[in-house]
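**Q** Build me a structure from this.
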Amino acid sequence: MDEPSSITSMTERDRQISEIIAEERSRLRNFIRRRVPDPRDAEDIL
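**A** Model (predicted):
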């Protein structure tokens, strides 16, 4: 059975978001750490 196009596009969008997060992980971590006092909490948020 074929997937509806909205599910397919969501899957593609999720993949793209995951790639961007992987590429920008250190920048995101630094951004979060400046705003969250506990480094463990910052890692959880990331």
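**Q** contacts and neighbour counts: CA atoms only from here.
**A** Noted.
**Q** Need the residue closest to the centroid of the protein.
**A** The centroid of the chain falls nearest to I21 when counting by Cα atoms, centre = their mean (4.4 Å).
**Q** how about the helix or strand where Q16 lies: buried residues?
**A** Assigned by DSSP states H and E, Q16 belongs to helix 5-23. Within helix 5-23, no residue counts as buried by 16 or more other Cα atoms under 10 Å.
**Q** What lies in contact with it?
**A** L28 (Cα atoms under 8 Å, 6 or more residues apart in numbering).
**Q** Show me how far that helix is from its chain's centre.
**A** 10 Å (Cα atoms, centre = their mean, to the nearest Å).
**Q** average pLDDT across it?
**A** Helix 5-23 shows a mean pLDDT of 86.
**Q** Could you point out the helix or strand that follows it?
**A** Under the assignment DSSP H and E, the closest C-terminal helix or strand after helix 5-23 is helix 25-35.
**Q** what's that following helix packed up against?
**A** Counting contacts by 3 or more Cα pairs under 8 Å, 6 or more residues apart in numbering; DSSP states H and E, helix 25-35 is packed against helix 39-45.
**Q** Over the helix it packs on, what's the mean pLDDT, rounded is fine.
**A** pLDDT averaged over helix 39-45 gives 93.
**Q** P37: what secondary structure?
**A** coil (DSSP: H, G, I helix; E, B strand; the rest coil).
**Q** contacting residues around R25?
**A** Contact criterion Cα under 8 Å, 6+ apart gives no residues in contact with R25.
**Q** ok, now how distant is it from R34?
**A** Per Cα to Cα, to the nearest Å, R25 is found 14 Å from R34.
**Q** Distance check, R40 against D14.
**A** 26 Å.
**Q** same question, S26
**A** 20 Å.
**Q** Quick check: I45 vs T11, distance?
**A** Applying Cα to Cα to I45 and T11 gives a distance of 22 Å.
**Q** again with A42
**A** 27 Å.
**Q** Kindly report the same for E23.
**A** For E23 relative to T11 (Cα to Cα), the value is 19 Å.
**Q** And for P39?
**A** 31 Å.
**Q** What of I20?
**A** 14 Å.
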